[in-house]
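> when you get a sec, could you give me coordinates for this:
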Amino acid sequence: MSQKTKFDTFAALHVPGDPVVLFNIWDAGSARAVEKAGAKAIATGSYSVAEANGYSDGESTPLDLVTANASWIAASVDLPVSIDFETGYGDTPDESAFSLEKLAQTGIVGVNIEDGLIGGGLRAVEDQSARLKALADIETSVWINARTDVFLQTAPDNHDDHLDEALERGAAYADAGANSFFVPGLTDPVLIAKVCESASLPVNVMAGSNSSFIGEFAQLGVGRVSFGPYPWRQAMKNLADAARNVFGGG
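Below you'll find the model as predicted:
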């Protein structure tokens, strides 16, 4: 399957009310396992990739390693692959676009990019929009999942107060060329439904460990469901439990 065909396939999977489910992986082996389990697409999580390679989350994983890992993953499966691109690996929009050009050469067809700044806070809407436009303008077609950290950086009890801000960011990101809108941290069904009703892009929510919510998310109009670091954490728990059984650890 060509890269263009994989891009078109991936794009077609983003259907509000019938979401694509991404059980986030971290390397070629985990990608193959998820593919065999019946996935329609593959996506990494930056936390999982970082931890699997001895780094901490927050763009500390070198871009060369992220790119090499993406290449191994894309070559190991027949499915479309999306890579967690964190804040874009670049101090400027042009530098971020250059990094994405390198990443796109691996055969991946999508990236996730966040507006949360490393160390805390949010990138200004205008600055993030400029970054997204630069990414959308690269020669290779790449599906851009624009993530806002508005809800991750506020307490759940206050999420209602930040809904308008999130929707404003979603509208600006759509205008800049993003293809879907990611709202991790948002779990209130009423608010999720409002985002889905108002956003012009397919909406991505994070399921965490709650796979039973996928049907509910579909009813709310969600177009994409991901699992973030949960698969990695569960895999490492299973590994640690098995090791304790061998070594007799507490």
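> helices or strands up against the single longest helix found in the chain?
Longest helix of the chain, by residue count under DSSP state H: helix 230-247. If contacts are counted by 3 or more C-beta pairs under 8 Å, 6 or more residues apart in numbering; DSSP states H and E, helix 230-247 sits against helix 28-36, helix 46-52. Backbone N, C-alpha and C define where each C-beta goes, glycine included.
> list the buried residues for the last one?
When burial is assessed from 16 or more other C-beta atoms under 10 Å, helix 46-52 yields the following buried residues: 46, 47, 48, 49, 50, 51, 52.
> so what's the first one up against?
Contacts for residue 46 (C-beta atoms under 8 Å, 6 or more residues apart in numbering) come out as 57, 59, 61, 84, 85, 86.
> in the chain, which residue is most central in space?
residue 112 (4.2 Å; C-alpha atoms, centre = their mean).
> may I ask which helix or strand encompasses it?
In this assignment (DSSP states H and E), residue 112 forms part of strand 110-114.
> contacts for the following helix or strand past that strand next, please.
Sequence-wise, the next helix or strand downstream of strand 110-114 (DSSP H and E) is helix 125-136. With C-beta under 8 Å, 6+ apart as the test, helix 125-136 has contacts from 88, 90, 93-94, 96-97, 100, 111, 113, 115, 123, 142, 144, 146, 168-169, 172-173, 175-178.
> now, these that are in strands?
Counting by DSSP state E, the contacts of helix 125-136 place 111, 113, 144, 146 in strands.
> and the furthest pair within the buried residues of helix 46-52?
Maximum pairwise distance among these (C-beta to C-beta): 10.7 Å, between 46 and 52.
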